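Colleague: could you look at this predicted model? Sequence included:
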Amino acid sequence: MGSLLSTIDSPQDLAGFTVRELDQLAGEMREAMCRLLGTRSAHFASNLGVIELTLALHTTFDFCRDRLIWDTGHQIYPHKMITGRYHRFATIRSKGGLMGYPNPEESPYDLFMTGHAGCSVSCALGLKCGDDLVRPDDGRHVVAVIGDGALASGIVFEALNNTGGLKKNLTVVLNDNKMSICPRVGSISDHLDRLRMTTFYTGLKSEIQRVLKGVPLLGDPVERFLTQFRDALKAGILGGMLFEDLGFRYLGPVNGHNIIQLQKYLAMTQTFDGPVLVHVVTEKGHGFKPAVEDPTSFHAPAPFAHLNGAEIEFRKNPSRPSYTRIARDAVLAGLRRDPQVAVITAAMCQGTMLEPAREEFPDRFFDVGICESHAVAFAAGLAKAGMRPMVAIYSTFMQRSYDQIFQEMALQDLSVVLLLDRAGLTGPDGPTHHGVFDLTYLRPLPNLVVMAPGDAIDLEMMVEFALSHGGPTAIRFPKAVAESIDRPPCPLELGRAEILRPANRRGEPGDGVIISCGTMLGACLAAADRLRQEGIELGVINARFVKPLDTETILQAVAESPMVLTVEEGALMGGFGSAVLEAANDAGLDTSRIRRLGVPDCFIEHGERSQLLADLRLDAEGIADVCREQLARRGEELGARGEGLGARG
């Protein structure tokens, strides 16, 4: 039988496919996923679980005119395969290739670049209301596909509440695979587990409620028995009470791998007035046994080769630990040292490598699900009660808790530690996940101490320092192999930078200073080494603290050096370099000699981290080139005034 997938250029090509052909196509799509994982890491198990759902959606609705939003967008791969992008599918998550998330620039079938969880229902409701106002006669259907892990996000219930009140014709497909990245948590998870055990229910709430109201409640012990009986009726017959009480007609549970059944009930949603929620039960990793057995490890696994759909061989990862592991080990040391230390994460236990903390300290480890705002406010409560909580969340997701960082943490001056993993450029995940804005949004908050380790040694000391500090702290570190700079020990002191190389040579002024913020330190030292071979002598400072800034050390460098270059793996606007400029300006110093190097005012696309750093001149070669340019420009300016750069002998 010939390949079907290679013939699909748009969803219209699926018209007329038999069930057998759709099943064959699903198998080919799974094979394409496995081939991709032979070349690079990618989101895997979640995409294997939505292949039949994707085919059912595109054969039931016409998304040339109807609307479809995926939440979260990492389950977009099958959708990309059948919307004209299969022939570029092998490029996904590589520089210049397809994005691993929805991307409106790639296809009109991608409406929003959805990389953060929970916003689909809000956006879908906005689309529906907008369509009804702008083009009321079109009768467009709007569908939001949301995972059960994202369902617990607070914004989802804000949107469900609004949708139920407006009574708009909107379809929400709940993709229930019993997982976030890690197993889902909380009472909503328990509710969905109960629904999975019920028979199909199509929203007959009012009729069954009349029956339930006829069940009398007498006295103990009869009352207890009848109460339990009534609860059993609610769970077993009434089905989606939670959603129906929010104004949605509930359909489900539906087998998410039965295309005919999916098509039937998705078509049914088009006949109802008002919002509908279709509860689709899928299996994460479906069709690939190792991923079914271990969906957490196969969420975004390392590249592997597979045989017979079962035997796998992973490519070996670098033996050196990552910054995430260094931070994890420091967290574990804190938990072992102090019974008042606790750690919180938001559905990122595996990504933050905190499984050992969960196993060893289950009473002081809290996974709150995809609820970052709640995580920080919860941590504030712990701190108020006398605990020392640490909140380990990716930098890009910490943004979602900004008001709680301000109101519940910084304003109260509580001893909460924020561990911002994946700070800087996250590589193939792209603009939805790059953690480049944290310094800009954290710097303005009073009471908050903000740190950026230069290397693994710094990171260990900073976690220990944060746990002993009597106020709120934040530590940012990248998704990268950890580096340890060989130099004499330098204790960590609040608001003090570390001078690795003085800005002079043999007692004479040097040519300038590089001030490194964070783990750019190794590249800055390498750049200084290259320039030294050319007779250019530069000092190197490891800032360590973004706030409070070591103004004594840094302003002395600005005052005495012909050129100062700040280097950071973060947004230039409001970042570390801006802090240096502000301090120099406040001190009345000449800021024209300061040059900032970092992430410019644009969203950075996906690619390997090393490639992106090189593009932004944030590698050793780029930093050296910027120093040459700045020295040449400074020399021209001074030469025009009849001055010089000073001693260079």
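Modeller: It's in.
Colleague: what count of nearby residues applies to the closest residue to Ala497 other than its chain neighbours?
Modeller: Once flanking residues are discounted, Ala497 sits nearest to Asp550: 3.9 Å by C-beta to C-beta, 6 or more residues apart in numbering. Bear in mind the C-beta positions are built from the backbone N, C-alpha and C, glycine included. When neighbours are counted by other C-beta atoms under 10 Å, Asp550 registers 22.
Colleague: same question, the one 4 residues further on
Modeller: Number of residues near Ile554 (other C-beta under 10 Å) recorded here: 22.
Colleague: which residues touch it?
Modeller: Residues in contact with Ile554, defined by C-beta atoms under 8 Å, 6 or more residues apart in numbering, are 497, 515, 541, 543, 580, 583.
Colleague: can you give me the pLDDT of the residue nearest to Ala497?
Modeller: If you check Asp550, the pLDDT there is 98.
Colleague: quick one on the thing from earlier: next, format the contacts of Ile554 as CSV and append distance to Ile51, pLDDT and neighbour count.
Modeller: Listed next are these as CSV, based on distance: C-beta to C-beta, whole Å; pLDDT from 0 to 100; neighbours: other C-beta atoms under 10 Å:
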residue, distance to Ile51, pLDDT, neighbour count
Ala497, 53, 98, 23
Ile515, 50, 98, 28
Ile541, 53, 98, 27
Ala543, 48, 98, 27
Val580, 51, 98, 26
Ala583, 55, 98, 17
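Colleague: okay, and which of the residues you listed map to strands?
Modeller: Assignment to strands by DSSP state E places the following of the contacts of Ile554 there: 515, 541.
Colleague: hang on, the earlier thing: my guess is the residue nearest to Ala497 contacts Glu493, does it?
Modeller: No. Using C-beta atoms under 8 Å, Asp550 is not in contact with Glu493, being 9.2 Å away.
Colleague: quick one: low-confidence parts of the stretch 51-200 of the chain?
Modeller: Residues of the stretch 51-200 of the chain that meet the criterion pLDDT under 70 lie in 179-185, 189, 193, 196-200.
Colleague: quick one, strands of it?
Modeller: For the stretch 51-200 of the chain, the strands defined by DSSP state E, counting those that start in this stretch cover 67-71, 142-147, 171-176.
Colleague: just the CA atoms of the last one, as PDB, please.
Modeller: By that I understand strand 171-176. Output of strand 171-176 as PDB, limited to C-alpha atoms (Å, rounded to 0.1, in the frame of the first residue of the first chain):
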ATOM      1  CA  THR A 171     -16.600  23.900  21.400                       C
ATOM      2  CA  VAL A 172     -14.000  23.000  24.000                       C
ATOM      3  CA  VAL A 173     -12.300  19.700  23.400                       C
ATOM      4  CA  LEU A 174     -10.700  18.400  26.600                       C
ATOM      5  CA  ASN A 175      -7.800  16.100  25.700                       C
ATOM      6  CA  ASP A 176      -7.600  14.000  28.800                       C
END
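Colleague: what angle sits between that strand and strand 67-71?
Modeller: 30 degrees (axes from the mean of the first three to the mean of the last three C-alpha atoms, to 10 degrees).
Colleague: let me know the average pLDDT across stretch 370-377.
Modeller: 97.
Colleague: what's the answer for stretch 450-465, then?
Modeller: In the prediction, stretch 450-465 has an average pLDDT of 98.
Colleague: show me what counts as buried in it.
Modeller: For stretch 450-465, a neighbour-count test (16 or more other C-beta atoms under 10 Å) marks 450-463, 465 as buried.
Colleague: mind listing which of these are in strands?
Modeller: In this view, the buried residues of stretch 450-465 that belong to strands under DSSP E are 450-451.
Colleague: residues in contact with the residue nearest to Ala497?
Modeller: By C-beta under 8 Å, 6+ apart, the neighbours of Asp550 are 495-497, 543-544.
Colleague: and with 6 Å instead?
Modeller: Contacts for Asp550 (C-beta atoms under 6 Å, 6 or more residues apart in numbering) come out as 495-497.
Colleague: closest to Leu192 out of the contacts of Ile554?
Modeller: Ala543 (46.6 Å; C-beta to C-beta).
Colleague: do you know how far that closest one is from Ala117?
Modeller: To Ala117, Ala543 is 33 Å away according to C-beta to C-beta, to the nearest Å.
Colleague: for Ala346, same thing?
Modeller: Taken as C-beta to C-beta, the span from Ala346 to Ala117 is 10 Å.
Colleague: joint contacts of these two?
Modeller: Residues touching both Ala346 and Ala117 (C-beta under 6 Å, 6+ apart): Ile370.
Colleague: now tabulate the contacts of Asp550 in JSON lines and tack on distance to Gln261.
Modeller: Shown next, in JSON lines, are the contacts of Asp550 (distance: C-beta to C-beta, whole Å):
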{"residue": "Gly495", "distance to Gln261": "63"}
{"residue": "Arg496", "distance to Gln261": "65"}
{"residue": "Ala497", "distance to Gln261": "63"}
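Colleague: quick check, nearest of those residues to Ala380?
Modeller: Gly495 (23.9 Å).
Colleague: count the residues that sit near that closest one.
Modeller: 14.
Colleague: my guess is it meets Pro548, correct?
Modeller: Yes. Between Gly495 and Pro548 there is a contact under C-beta atoms under 6 Å: 3.9 Å.
Colleague: from the contacts of Ile554, which is closest to Val145?
Modeller: Among those, and counting by C-beta to C-beta, the member closest to Val145 is Ala543, at 43.8 Å.
Colleague: what sits against the closest one?
Modeller: Counting by C-beta under 6 Å, 6+ apart, Ala543 has contacts 497, 515, 517.
Colleague: equivalent analysis for Pro431, please.
Modeller: Applying C-beta under 6 Å, 6+ apart, the residues near Pro431 are Phe603.
Colleague: and it, how far is that from Leu439?
Modeller: Taken as C-beta to C-beta, the span from Pro431 to Leu439 is 17 Å.
Colleague: so who does Arg364 touch?
Modeller: When contacts are counted by C-beta under 6 Å, 6+ apart, Arg364 touches Ala342.
Colleague: 10 Å instead, please
Modeller: 335, 338-344, 357-358, 382, 387-389 (C-beta atoms under 10 Å, 6 or more residues apart in numbering).
Colleague: show me which of the residues you listed are buried.
Modeller: Buried members of those, counted by 16+ other C-beta under 10 Å: 335, 340-344, 357-358, 382, 387-389.
Colleague: adding pLDDT, secondary structure and distance to Leu166, write the contacts of Arg364 out as TSV.
Modeller: Below are the contacts of Arg364 laid out as TSV (pLDDT from 0 to 100; DSSP: H, G, I helix; E, B strand; the rest coil; distance: C-beta to C-beta, whole Å):
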residue	pLDDT	secondary structure	distance to Leu166
Leu335	98	helix	47
Asp338	98	coil	50
Pro339	98	coil	50
Gln340	98	coil	47
Val341	98	strand	46
Ala342	98	strand	41
Val343	98	strand	40
Ile344	98	strand	35
Ala357	98	helix	43
Arg358	97	helix	41
Leu382	98	helix	38
Met387	98	coil	42
Arg388	98	strand	45
Pro389	98	strand	39
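Colleague: mind listing what the nearest residue in space to Phe361 that is not next to it in sequence touches?
Modeller: Distances taken as C-beta to C-beta, 6+ apart put Leu335 closest to Phe361, at 5.1 Å, once the chain neighbours are dropped. Counting by C-beta under 10 Å, 6+ apart, Leu335 touches 341-343, 356-357, 360-361, 364-365, 388, 390, 467.
Colleague: would you point out the most distant pair within the residues you listed?
Modeller: Longest span within those, C-beta to C-beta: Pro356 and Arg388, 18.6 Å.
Colleague: was I right to think Lys479 contacts Thr426?
Modeller: Yes. Contact criterion C-beta atoms under 10 Å: Lys479 and Thr426 qualify, at 5.3 Å.
Colleague: between the two, who's got more neighbours?
Modeller: The neighbour comparison of Lys479 against Thr426 (other C-beta under 10 Å) goes to Thr426, with 25 against 21.
Colleague: state the pLDDT value of the nearest residue to the more buried one once chain neighbours are set aside.
Modeller: In space, and not counting its chain neighbours, Thr426 is closest to His433: 4.6 Å by C-beta to C-beta, 6+ apart. Confidence at His433, expressed as pLDDT, is 97.
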